[in-house]
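A.B. asks: please find the sequence and the predicted model below.
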Protein chains: 6
Amino acid sequence: MKISARNLLKGKVVSVEKGATTAHVKIEIAPGQVVTASITNESVDSLKLAVGAEAYAVVKASDVMVAVD
Amino acid sequence: MKISARNLLKGKVVSVEKGATTAHVKIEIAPGQVVTASITNESVDSLKLAVGAEAYAVVKASDVMVAVD
Amino acid sequence: MKISARNLLKGKVVSVEKGATTAHVKIEIAPGQVVTASITNESVDSLKLAVGAEAYAVVKASDVMVAVD
Amino acid sequence: MKISARNLLKGKVVSVEKGATTAHVKIEIAPGQVVTASITNESVDSLKLAVGAEAYAVVKASDVMVAVD
Amino acid sequence: MKISARNLLKGKVVSVEKGATTAHVKIEIAPGQVVTASITNESVDSLKLAVGAEAYAVVKASDVMVAVD
Amino acid sequence: MKISARNLLKGKVVSVEKGATTAHVKIEIAPGQVVTASITNESVDSLKLAVGAEAYAVVKASDVMVAVD
């Protein structure tokens, strides 16, 4: 499957924390650079996400903001 | 200003393309890893975004999906 | 690739309208039921989207609201 | 009330699962085609959402991605 | 229609700027406090949005971030 | 830090409710006008959000919809 989302950042899952319905998954996409995803518990199970797994953080371009110091 | 968005990826602006109302800004956050942001032309002007500028790609955790091969 | 987004609605592309930077793609997911996606022109090219193509409308669960009459 | 969101998919609520603060509501919009919405528990109460109720899944066009096989 | 989105900010349209596909609509929700919405041109037409019209800025809670100075 | 998000609504935190992973923060941006943000518990801690604190509700323009009566 190929998706229109412009941003696919490859990395490794470093943490999976399930809540009541919502989970937080952290993916290290470069040394020391970690992206946090808030997804459903259901997705964690469906994708069998676990620490150490290779995964992509996927973000639609319209969900990216820009900031400057 | 400190923001709740969990993901601030520091990089350098490598492209700014303005459309009629919406601009696409590309930020290189690691060698070869480019993030595309779709923001208003107004924001590009307000932040004086231009190629070569240091900038952050900012993403709320609830806007990050996870994919596996 | 398998994605965490909970909603993949299969259908057929019925319209592609490119703007200056942003395109609108309409996918018929059931007879008479059309979903509109606002994506980058770049994605339209990258996925070679054209009228008649099979495609999925993909939506993260946290981007779905509920309404009642 | 009339809303700018381009996508209103009518269906029937088939599941409501409340978490600590966030609920998952599933709406069947066509036979076998179910859309999952992640909304606040507060909204579930305010809209009195329950299994069997008629409801719409509402999605802004800029939150719809497109995928192809 | 009643929607799950937690944030409905009533105001008056103070500007409508159509682009090629995407429009920017500004709504004054309190004296001097203006909210900008990026929506499809199609929605502007469908809702007959024009300067002076009463309108609501509608935002899902999961799309609101918090910042502190 | 200066951010591209077009909407920064200044106010006072009137409620913080933490869930298992996701918190709901309410900010009063004008007398009687309250905005609800759904953010990570982690952000609440990181920003030290508490009732009475001054804070901004921040929303990207592409996440704002428009509705009319």
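C.D. replies: Right, received. Where do you want to start? Numbering: from 1, shown residues only, chains lettered A, B, ... in the order given.
A.B. asks: tell me where chain A has helices.
C.D. replies: Taking DSSP state H to define them, one finds helices in chain A at A:41-46.
A.B. asks: now it against chain F: closest residue?
C.D. replies: Closest approach between chain A and chain F, counting by CB to the nearest CB: A:Gly19, at 3.1 Å. To be clear about C-beta, it is placed using only N, CA and C from the backbone, and glycine gets the same treatment.
A.B. asks: that residue and D:Gly11, how far apart?
C.D. replies: With distances defined as CB to CB, to the nearest Å, the gap from A:Gly19 to D:Gly11 amounts to 27 Å.
A.B. asks: ok, A:Val64 - contacts?
C.D. replies: A:7, B:35-39, B:57-59 (CB atoms under 8 Å, 6 or more residues apart in numbering or on different chains).
A.B. asks: now do 6 Å
C.D. replies: By CB atoms under 6 Å, 6 or more residues apart in numbering or on different chains, the contact list for A:Val64 reads B:37, B:57, B:59.
A.B. asks: any idea which of those is closest to chain D?
C.D. replies: Comparing these against chain D with CB to the nearest CB places B:Ala37 closest, at 13.0 Å.
A.B. asks: can you pull the pLDDT of that closest one?
C.D. replies: The model reports B:Ala37 with a pLDDT of 98.
A.B. asks: you'd agree it is up against B:His24?
C.D. replies: No: counting by CB atoms under 6 Å, no contact exists between B:Ala37 and B:His24, whose distance comes to 7.2 Å.
A.B. asks: in the sheet, who's paired with A:Lys12?
C.D. replies: Using DSSP bridges, the beta-bridge partners of A:Lys12 come out as A:Glu28, A:Glu54.
A.B. asks: contacting residues for the residue lying farthest from the centre of chain A?
C.D. replies: Within chain A, A:Asp69 marks the point farthest from the mean C-alpha position, 25.1 Å out by CA atoms, centre = their mean. Taking CB under 6 Å, 6+ apart as the definition of contact, the neighbours of A:Asp69 are F:Met1.
A.B. asks: from chain E, how far out is it?
C.D. replies: Spatial separation of A:Asp69 from chain E under the definition CB to the nearest CB, to the nearest Å is 15 Å.
A.B. asks: same check on A:Lys10?
C.D. replies: According to CB to the nearest CB, A:Lys10 stands 25 Å off from chain E.
A.B. asks: check whether that residue really touches A:Ala55, as I assumed.
C.D. replies: No: applying CB under 6 Å as the test, A:Lys10 and A:Ala55 come out as separate, 7.8 Å apart.
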